[in-house]
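J.: Model the following, please.
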Amino acid sequence: MRNKRPQPGREQTSSDPKTHRSAPICDAVAEEVAAIFRDRGALSLCELEDRFALSALRLLSTPSREDRVPATRREASVRTRVEPEPPPYVIVLAGGDGQRLRAAAKTRFGVALPKQFCPWDGERTMIDRTMDQASSLTPADHVFVSCVETHRPMTEVALRSWPRSRRIYQPSNRDTGPGILLPLCHVAHEEPGAVVVVLPSDHYVADASQWADGVNRAIDIAREGPDRVFLLGASPDRPETDYGWIVPFEDPDDGWQLVRQFREKPSLAEARRLFSEGALWNTLIVVARARPLWSLFAACAMQWTEALQACTFHEENLRRCYEELPPFNVSRDVLEPSCDRLAVVPLDECGWSDWGTEERIERSLRERREHVEVGAGAVRSPFPSRKGDDRPC
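T.: Modelled structure (predicted):
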């Protein structure tokens, strides 16, 4: 790079990027003005004005010599600054009806609430605990809660401690696919390059800190790695037939693995085989940038992606879309047929469980009780015993 002569009577400011940009332009403007005035005798007033206007436009739209120097030859002070990544966006799935636990909720709480609104451990609702998890990952105004209109009163009460979170009300429950897609439309409209984390609101973790470490690791991988959709996989302790299973290709490389196979709710025989082969449980915690996640949905549910692109912000059209299009499940209809687009990040042991059945809730509470210090008191089951009395797990 050539040295610049300091201006008389002024301090050298070559480290200022604005100086690098403006000095060559000012020199060029002076040359253009001199040329115009040399020709002024042969030009009318209108022609002079046009000449000045064209010269200014050309000079301001042409990069300076400094801008044309390859980056490897520029001084550090004029390198292009990399903007910091925005915080991730978290989509909390809270629109399910929880049909399998409605009877248990009726018995326990006197009303058949959807499971995410129930305090199964006797302390806090599942959605409240999930919001705690979301707040450990990102600011509250980056949390989109995917709800349904029929649950609006319950949702507003449940989220009263989270006023800055953003509720996205679906006209009706059309399964987990639309439950992710509709808030994803809002995220893509706001920050299309952001990382998105999908969290179900009906899951339990015993060790929240270990869980957060795993999800934050997946966020870092999604920011720095390939444009894939990353799933968090939990280490299984039994051949569960009610979960999805992720079969990775090889040992983790930089903390993640490509996915060879995804099996949603296999038979018992197949679950035993997957368990013995070292497959992982699908937690349905999804981490990806908004664009590749949207592309994954577009490849498997084009009707929905095209419709929501057109009607997300139009209430009446959105209602019609939900009435006319078929429901779809993200695990069965999107993840299972899309292994070539997926990767998995193994989740360290944190006591993860999908609280979709009474048996799994009781197992988690029993395991939690076993880790409670002696004298701290037993955690009681949310379900009555066969004799009608509550019992410790």
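
J.: Next, Asn216: phi, psi?
T.: Per-residue torsions, Asn216: phi -60, psi -30 (degrees, to the nearest 10).

J.: Looks like it contacts Gln133 (just checking).
T.: No - shown here, Asn216 and Gln133 do not form a contact pair, counting by CB atoms under 8 Å, at 11.4 Å. All C-beta spots, glycine's among them, are computed from the backbone N, C-alpha and C.

J.: So which of those two has more stuff around it?
T.: Ranked by neighbour count (other CB atoms under 10 Å), Asn216 and Gln133 place Gln133 first, with 20 against 15.

J.: List the residues that contact that one.
T.: 199, 205, 208, 211-212 (CB atoms under 8 Å, 6 or more residues apart in numbering).

J.: quick one: strands adjacent to the longest strand seen in the chain?
T.: Looking across the chain with DSSP state E, the single longest strand is strand 280-289. Looking at strand 280-289 with DSSP bridges, its partner strands are strand 195-200 (antiparallel), strand 229-234 (antiparallel), strand 244-248 (antiparallel).

J.: Quick one: these as TSV, columns for distance to Asp141 too.
T.: Output for those, formatted as TSV (distance: least, CB to CB, whole Å):
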stretch	distance to Asp141
strand 195-200	15
strand 229-234	24
strand 244-248	31
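
J.: Now distance to Ala112 and mean pLDDT too, for those strands, in CSV please.
T.: Output for the strands paired with strand 280-289, formatted as CSV (distance: least, CB to CB, whole Å; pLDDT from 0 to 100):
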stretch, distance to Ala112, mean pLDDT
strand 195-200, 20, 98
strand 229-234, 29, 97
strand 244-248, 27, 96
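
J.: Quick one, which of those strands gets closest to Leu181.
T.: Closest to Leu181 of those, according to CB to CB: strand 195-200, at 10.7 Å.

J.: Identify all contacting residues around that closest one.
T.: 85, 88-93, 130, 133-134, 137-138, 180, 184, 187, 215, 218-219, 222-223, 283-290, 293, 354.

J.: gap between that strand and the chain center?
T.: 4 Å (CA atoms, centre = their mean, to the nearest Å).

J.: And the helix or strand following that strand, what does it pack against?
T.: Of the helices and strands lying after strand 195-200 in sequence (DSSP states H and E), the nearest is strand 203-204. Under the contact definition 3 or more CB pairs under 8 Å, 6 or more residues apart in numbering; DSSP states H and E, strand 203-204 sits against helix 126-135, strand 353-354.

J.: So what touches strand 203-204?
T.: When contacts are defined by CB under 8 Å, 6+ apart, strand 203-204 is touched by residues 126, 129-130, 283-284, 351-355, 361, 364.
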